[in-house]
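Enquirer: here are the coordinates; sequence isn't available:
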């Protein structure tokens, strides 16, 4: 499940900006594949930070802060070359926030789960042989 969506990007940044960034064939329509690839790249960056810190990724449900960070990173990725200073600043702020989350200085709230997905759970019966039961042997 992606951390943001094309609709969320339009809500945050406007359809005009997204059209300018993602209409690669010049037909006046946002190229969904371009947006989806930028979202996937942003989400992979987020998962890289959080996964290395022991968070179970991908996050589900998506915390609000992660959705916002994904939108800023996606927007930056869509600019390809020479993003405006405000876009670059928001991207750098997003990276710093990810570093803080990964370092444990900022919590994801109820979604702040660390661990290893698929870790085995061990169960065993009580010990039959111990130092006390084998004392006479």
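Expert: Cool, the structure landed. Small disclaimer: the values here were computed from a predicted structure and weren't measured. Numbers count the residues shown, from 1 in each chain.

Enquirer: The residue lying closest to residue 52 once chain neighbours are set aside: how many residues sit nearby?
Expert: Nearest non-adjacent residue to residue 52, counting by Cβ to Cβ, 6 or more residues apart in numbering: residue 102, 6.5 Å away. From N, CA and C alone the C-beta is placed, and that goes for glycine too. Other residues within reach of residue 102 by the criterion other Cβ atoms under 10 Å amount to 18.

Enquirer: Now do the same for residue 102: helix, strand or coil?
Expert: Per DSSP: H, G, I helix; E, B strand; the rest coil, the secondary structure class of residue 102 is helix.

Enquirer: Give the next helix or strand downstream of the longest helix belonging to the chain.
Expert: Longest helix in the chain by number of residues (criterion: DSSP state H): helix 32-52. Proceeding N to C from helix 32-52, the next assigned helix or strand is helix 64-78, under DSSP states H and E.

Enquirer: by contact count, what packs against that next one?
Expert: Counting contacts by 3 or more Cβ pairs under 8 Å, 6 or more residues apart in numbering; DSSP states H and E, helix 64-78 is packed against helix 6-13, helix 15-22, helix 32-52, helix 85-103.

Enquirer: packing partners for the first one?
Expert: Packing contacts for helix 6-13, counted by 3+ Cβ pairs under 8 Å, 6+ apart, involve helix 15-22, helix 32-52, helix 64-78.

Enquirer: For the shortest one, which outside residues touch it?
Expert: Put plainly, it is helix 15-22. 6, 9-10, 28-31, 34-35, 38, 75, 78-79 (Cβ atoms under 8 Å, 6 or more residues apart in numbering).

Enquirer: Which one of those is nearest to residue 91?
Expert: Proximity to residue 91 was ranked across the contacts of helix 15-22 by Cβ to Cβ; first place goes to residue 75, at 7.7 Å.
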